[in-house]
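Chemist: Below is the sequence, then the predicted model.
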Amino acid sequence: MLLSKGFEVEMYTGTPQGNIVGLSDQIVAKVQGFVREPDSRNVEYTTAPLCSYDRLLCALVKPRLKLRNYLSTLGDYTIIPGSTLSLGNSNLFYRSDPNNPYYTYIEQTYGSKVVTTSIHINVGISDPELLMRAIRLIRMEAPLYLALTASSPFLDGQVTGFHSTRWATYPKTPTYVPLFESHSHYIKWTEEQIAAGIMQNVRHLWCSVRPNGDRRPYNLNRLELRICDFVENPVLQLALVALLEARLWQLFDDPSLDPLEKSNFPANNRSENLVNLADNNEIAAAHHSLEAQLCHWQDGRTISARNWIEEIYQQVLPYAKERGFSCFLSPVKKVLREGNTAQKWLKQYESSFDTRSVIKTAILEMTKQEEELEDKLCQSMVA
C-alpha cells in the first residue's frame with residue numbers, strides 16, 4: 001500500500017510572448033476545479049489524494065489541458081512557466097476579489113511578493129505524532145526540493161541573482177517557526193500566533209513544510225511541502241513526490257531519522273540550531289539551487305545540494321523498489337545531470353538570449369510536453 005498523494009498547482013496565464021495577464025475571474029467561472037489566488041494573474045487547481053502514480057499523473061495533466069482549451073476561447077492566451085513575474089509588473093497588485101478581507105490584508109501587508117506560482121505536495125499521514133516527526137525531517141531537507149525545482153531567476157525582465165527569486169523574497173510567516181516537538185506543541189504555538197495577530201488564521205502559516213488537515217491545528221492528516229517553485233513538467237512533479245514518499249517510508253522504517261534524535265547538535269539547544277540551519281539552507285538553495293553549499297542536519301558537514309540529493313536518492317531507492325514506484329524516481333537523476341529550470345534559463349540568457357526569448361521558448365516547450373503526455377498517457381480521460 002502506498003501513501004495518498006496530491007498536488008496544489010499554481011500557474012500564471014498570459015500571452016505566448018510571455019506577458020502575464022490576469023484571467024482568473026473568467027477561468028474560475030468557467031473551468032471546473034480552478035480557484036482564485038489573491039492576485040488575478042494566477043490560478044490554482046488541486047488534485048484529489050491518490051495512491052497510484054499513473055492516476056496522479058493524469059490528474060495533473062487533465063486540468064492543464066482543460067485550461068488551455070478554455071484559454072483558446074478567450075484569445076491568444078496560454079500558461080506561463082516560472083514562479084515569478086519574470087517579464088514585469090511586479091510593482092502592481094491586481095486584486096481578484098475586492099470583497100475578500102483576507103485578500104485585502106495580504107495586498108496591504110505583502111504586496112506583489114506573494115504573486116508567485118508554485119507546487120505544493122501533500123502526502124497523507126494520519127497519525128499526528130508520526131506526522132510531526134515527518135515534518136521535522138522534511139523541514140531539514142526541504143531546501144533540496146527547492147534546489148530541484150528552482151524556476152524563478154528573472155523578475156521584471158532582469159536577472160535577479162537568485163535561482164529561486166520566489167523563495168528568496170517570499171514573506172515567510174511567521175518569521176520564526178519552531179521545530180514542532182509534538183502535536184500539542186503545534187496546537188499551542190498556533191493558538192498563540194493567532195491570538196497575537198501574527199497569523200490571521202490557521203492557513204496563514206507560510207513556511208517550507210507544514211501540517212495540514214480538515215480542522216487545523218487539531219485534526220491533521222497530511223504533510224504539505226510548500227517550498228517548491230512551479231514545475232512545468234508533470235513527470236518531474238511525480239518524481240518529486242516519489243522522492244518524498246520514499247524518504248517517508250525510510251523514516252517509518254527507522255524512526256531515529258528524526259532530527260531531534262539523530263542530529264549531533266548539543267541537546268540543550270538542538271531544536272533552535274536546527275531551525276537556524278534549515279533557514280540558512282533555504283536561503284542558500286534560493287541563491288544557487290543545486291550548486292548551493294548546505295549544512296547537513298545530522299553532523300554539520302558542508303555538502304552541495306546536488307550531492308546531498310544523490311545521497312538520499314541512493315538511500316531511498318530500495319524503499320521505492322520494494323513498493324513498486326522506483327521508475328518514477330528517475331527524472332530526479334536527469335535534473336542532477338542536466339540542471340533545473342532556472343539553471344537552463346540562465347544558460348540560455350548567457351548565450352545571448354534575452355529574458356523574453358527565454359520565456360517564449362519555455363512556453364513552447366511546456367505546451368509540447370503536455371501534448372505528448374496527453375497522447376501517451378491519458379487521451380481517454382480528457383473530456
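Modeler: Right, received. Where do you want to start?
Chemist: C-alpha from now on. contacts and neighbour counts both.
Modeler: OK.
Chemist: Spit out the contact partners of Glu261.
Modeler: For Glu261, the contact set (C-alpha atoms under 8 Å, 6 or more residues apart in numbering) is empty.
Chemist: Let me see the ranges of the helices in the stretch 151-300 of the chain.
Modeler: Ranges of helices in the stretch 151-300 of the chain, per DSSP state H, counting those that start in this stretch, are 165-169, 183-195, 234-253, 259-262, 270-288.
Chemist: so of those, which one's packed in deepest?
Modeler: helix 165-169 (a mean of 23; mean count of other C-alpha atoms under 10 Å).
Chemist: can I get the helices of the stretch 151-300 of the chain in CSV with distance to Arg55 and mean pLDDT?
Modeler: CSV is the format used below for those (distance: least, C-alpha to C-alpha, whole Å; pLDDT from 0 to 100):
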stretch, distance to Arg55, mean pLDDT
helix 165-169, 30, 97
helix 183-195, 32, 97
helix 234-253, 11, 97
helix 259-262, 33, 96
helix 270-288, 31, 98
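Chemist: mind checking which of the ones you listed is nearest Met132?
Modeler: With distances scored as C-alpha to C-alpha, the stretch of those nearest to Met132 is helix 183-195 (6.6 Å).
Chemist: by contact count, what packs against the closest one?
Modeler: On a contact count with 3 or more C-alpha pairs under 8 Å, 6 or more residues apart in numbering; DSSP states H and E, helix 183-195 meets helix 128-149.
Chemist: Distance from the helix it packs on to the middle of the chain?
Modeler: 12 Å (C-alpha atoms, centre = their mean, to the nearest Å).
Chemist: helices or strands up against that helix?
Modeler: Using 3+ C-alpha pairs under 8 Å, 6+ apart, the elements in contact with helix 128-149 are helix 183-195, strand 209-212, strand 222-225, helix 234-253, helix 259-262, helix 270-288, helix 305-322, helix 330-338.
Chemist: hmm, 7 Å instead?
Modeler: Applying 3 or more C-alpha pairs under 7 Å, 6 or more residues apart in numbering; DSSP states H and E, one finds that helix 128-149 contacts helix 183-195, strand 209-212, helix 270-288, helix 305-322.
Chemist: Residue nearest the middle of this protein, spatially speaking?
Modeler: Centroid-nearest residue in the chain: Cys228, 2.6 Å away (criterion: C-alpha atoms, centre = their mean).
Chemist: OK, contacts around it?
Modeler: Shown in contact with Cys228 (C-alpha atoms under 7 Å, 6 or more residues apart in numbering): 118-120, 145-146, 149.
Chemist: and which of the residues you listed is nearest to Phe93?
Modeler: Distance to Phe93, by C-alpha to C-alpha, is smallest for Ser118 among those, at 18.0 Å.
Chemist: Do you have the strands of the stretch 51-200 of the chain handy? List them.
Modeler: Taking DSSP state E, counting those that start in this stretch to define them, one finds strands in the stretch 51-200 of the chain at 78-80, 119-124, 154-155, 158-159.
Chemist: Just checking: what are the partner strands of the second one?
Modeler: Applying DSSP bridges to the sheet, strand 119-124 is found paired with strand 5-14 (antiparallel), strand 222-225 (antiparallel).
Chemist: Tabulate the CA atom coordinates of the longest one in CSV.
Modeler: Coordinates of the C-alpha atoms in strand 5-14 are reproduced here as CSV (Å, rounded to 0.1, in the frame of the first residue of the first chain):
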residue,chain,number,x,y,z
LYS,A,5,-0.6,12.0,-2.5
GLY,A,6,-2.0,15.2,-4.0
PHE,A,7,-0.8,18.5,-5.5
GLU,A,8,-1.9,22.1,-5.3
VAL,A,9,-0.7,23.7,-8.5
GLU,A,10,-0.5,27.5,-9.0
MET,A,11,0.0,28.8,-12.6
TYR,A,12,0.2,32.1,-14.4
THR,A,13,-1.8,32.8,-17.6
GLY,A,14,-0.9,35.2,-20.3
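Chemist: any idea which helix or strand comes after that strand?
Modeler: For strand 5-14, the succeeding helix or strand toward the C-terminus, using DSSP states H and E, is helix 24-30.
Chemist: and that next one, what's its mean pLDDT?
Modeler: Mean pLDDT, helix 24-30: 95.
Chemist: And the residue nearest to Leu144 when sequence neighbours are not counted, how close does it get to Leu56?
Modeler: Leaving aside its chain neighbours, Leu144 sits nearest to Ala305 (5.9 Å; criterion: C-alpha to C-alpha, 6 or more residues apart in numbering). Separation of Ala305 from Leu56 (C-alpha to C-alpha, to the nearest Å): 27 Å.
Chemist: the more surrounded of these two?
Modeler: Neighbour tally, Ala305 and Leu56, criterion other C-alpha atoms under 10 Å: the higher count belongs to Ala305, 29 against 21.
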